[in-house]
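Asker: Predicted model and sequence follow; I will ask about them next.
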Amino acid sequence: MGKADNNPGPDKRSSTDYTKYGHYDLSILMDSEKRVLLAKIQHPGAKNKEIAQRLEMGAGSFSVILNRAKSKLDGTFDYDAHKKKRRTYIENHFDKIRKRQKKYNEEHKEDIKKWKHDYAREYYKNNKDKFKAYNHDYYEKNREWIKERQKERDEKHKEK
């Protein structure tokens, strides 16, 4: 007896009738959950992957959103557990990003300094007139203060 002769048994996928959710009050759902659920209701025989492609989203995301919508409508959705799970995911995700960023910065320390220096030089070159005007205005507004500081500096140098 080969594999083809074996009875594969019942389909392991959920056989939920999503059309029944069309009569529920969908106002408790987020927009993404409504969109996914309504698409599933409109295409009852289609696979989640096919519907997800039509909605231009990943099949995994589609299934997660669909199950969340279903559990909210059934009253089995645990908001506290969802919040905790989401918070943990976000913390872990940002920790990974920070570690990657730190590693990159350490590996490219000299390059980053050069890029910043080159950027500053280029920025100054492109905005030279603005800098000159700003410096001129600053000097005009603070002329007395600047002259006092110059006098103090000159006196310190003479004393030495």
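Answerer: Ah, there it is. Numbers count the residues shown, from 1 in each chain.
Asker: chain center to the helix or strand harbouring Lys84: distance?
Answerer: For Lys84, the element it lies in under DSSP states H and E is helix 79-107. Between the mean C-alpha location of helix 79-107 and the chain-wide mean there is a distance of 11 Å, by CA atoms, centre = their mean, to the nearest Å.
Asker: for the record, mean pLDDT for it?
Answerer: Confidence for helix 79-107, expressed as mean pLDDT, is 89.
Asker: and after that helix, which helix or strand comes next?
Answerer: Next along the chain after helix 79-107, taking DSSP H and E as the criterion, comes helix 109-126.
Asker: Not counting stretch 31-42 itself, show me its contacts.
Answerer: 18-19, 21-22, 26, 29, 48, 51, 54-55, 62, 65-66, 68-70, 72 (CB atoms under 8 Å, 6 or more residues apart in numbering). In short, each C-beta sits where N, CA and C put it, glycine included.
Asker: List the buried residues for it?
Answerer: Under the neighbour-count criterion of 16 or more other CB atoms under 10 Å, stretch 31-42 has 33, 36-40 buried.
Asker: And for stretch 63-81?
Answerer: Applying 16+ other CB under 10 Å to stretch 63-81 flags 65-66, 68-70, 72-73 as buried.
Asker: what does stretch 44-52 give?
Answerer: For stretch 44-52, a neighbour-count test (16+ other CB under 10 Å) marks 48, 51-52 as buried.
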